[in-house]
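Q: Below are the sequence and a predicted model; questions follow.
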Amino acid sequence: MSLTNTLVNTTIKGLTHILCRIDASELTQVPAQGPLLLVANHVNFLDAPVMYTHLQPRLLTAFVKAETWDNPVMGLLFDIWGGIPIKRGEPDMAALEMALEALRLGKIVAVAPEGTRSGSGRLKRGYPGIVVLALHSGAPLLPVAYYGGENFRDNVSRLRRTDFHINVGQPFTIDPGGQKVTRLVRQAITDEIMYRIAALLPEEYRGEYAELEKATQKYLKFI
């Protein structure tokens, strides 16, 4: 890791601990090595710096909307972090290949199947791009859920620290069982993944996946 990377990470981690009370104890469950797809909800801008700095020394990358590089400061930060620019709303084969290469190198690739920030912390419907990446790579998936960060702006304005919680679930792989992976099957697998994230959240944050009794595990093989 470069000196610049170390300085940036140390500074940002320090700032997040000043502004937040971060419960990261369950991150000890993240495997210490090997390729991994970390699938998580996406609340706001706080998710990325907290996760990136707290998963060190594991090498981590993530999909970042391409428009982020329109901002020179944010573009520089995600260059330092090795973010993968992705064009939203269309198939982006270049981004997919970059993610596959990162997994081949044994990195963690963080993916938010919701595709955008929820703002409220309540889950939105997941998009099936994660299924394509998982099937092409064969990498295990690890569900992770955050909550509390949605209160950050309000807390800062009131000079309060924010409680930021991180919950980690059980890893699994995807197995279509020889079935043709159609568009409907991809969405079904995506929903199974999203229910694993929802199960890690308090009820009020589960959003589109609030009815856990509807969750299935047909395509998931737990490790």
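A: Thanks, I have the structure now.
Q: Residue 149 touches residue 164, doesn't it?
A: Yes - contact criterion Cβ atoms under 8 Å: residue 149 and residue 164 qualify, at 5.1 Å. Glycine gets a C-beta too; all of them are placed from N, C-alpha and C.
Q: Residues contacting the helix or strand bottoming out on mean pLDDT in the chain, please?
A: The helix or strand of the chain with the lowest confidence, counting by mean pLDDT, DSSP states H and E, is helix 72-80 at a mean of 86. By Cβ atoms under 8 Å, 6 or more residues apart in numbering, the surrounding residues in contact with helix 72-80 are 4, 5, 8, 64, 68, 69, 85.
Q: got the contact list for the fifth one?
A: With contact taken as Cβ under 8 Å, 6+ apart, residue 68 is in contact with 74, 75, 78, 83, 85.
Q: Could you provide these in CSV, with additional columns for distance to residue 187 and neighbour count?
A: As requested, the contacts of residue 68 are arranged in CSV below (distance: Cβ to Cβ, whole Å; neighbours: other Cβ atoms under 10 Å):
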residue, distance to residue 187, neighbour count
74, 31, 15
75, 33, 17
78, 29, 21
83, 26, 23
85, 25, 18
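Q: Take those residues and write them to a markdown table, including distance to residue 182.
A: Converted to a markdown table, these look like this (distance: Cβ to Cβ, whole Å):
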| residue | distance to residue 182 |
| --- | --- |
| 74 | 37 |
| 75 | 37 |
| 78 | 34 |
| 83 | 31 |
| 85 | 29 |
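Q: Out of those residues, flag the one nearest to residue 28.
A: Closest approach between the contacts of residue 68 and residue 28, by Cβ to Cβ: residue 83, at 24.9 Å.
Q: Name the nearest residue to that closest one, ignoring sequence neighbours.
A: Nearest non-adjacent residue to residue 83, counting by Cβ to Cβ, 6 or more residues apart in numbering: residue 64, 3.9 Å away.
Q: And that neighbour, how close does it get to residue 34?
A: Distance check for residue 64 against residue 34: by Cβ to Cβ, to the nearest Å, it reads 23 Å.
Q: So the two - more neighbours on which side?
A: Neighbour comparison, residue 64 and residue 34: the larger count goes to residue 64, with 21 against 12 (by other Cβ atoms under 10 Å).
Q: For the host helix or strand of that one, give me every contacting residue.
A: Element membership for residue 64, per DSSP states H and E: strand 60-65. Here strand 60-65 makes contact (Cβ under 8 Å, 6+ apart) with 38, 48, 51-52, 78, 81-86, 88, 95, 98-99, 102, 107-112.
Q: Return the subset of those residues lying in strands.
A: Of the contacts of strand 60-65, the ones assigned to strands by DSSP state E are 38, 84, 85, 86, 108, 109, 110, 111.
Q: Neighbour-wise, which one of those residues leads?
A: residue 110 (26 neighbours).
Q: Contact partners for that one?
A: Per Cβ under 8 Å, 6+ apart, neighbours of residue 110: 38, 40, 51, 60, 61, 62, 63.
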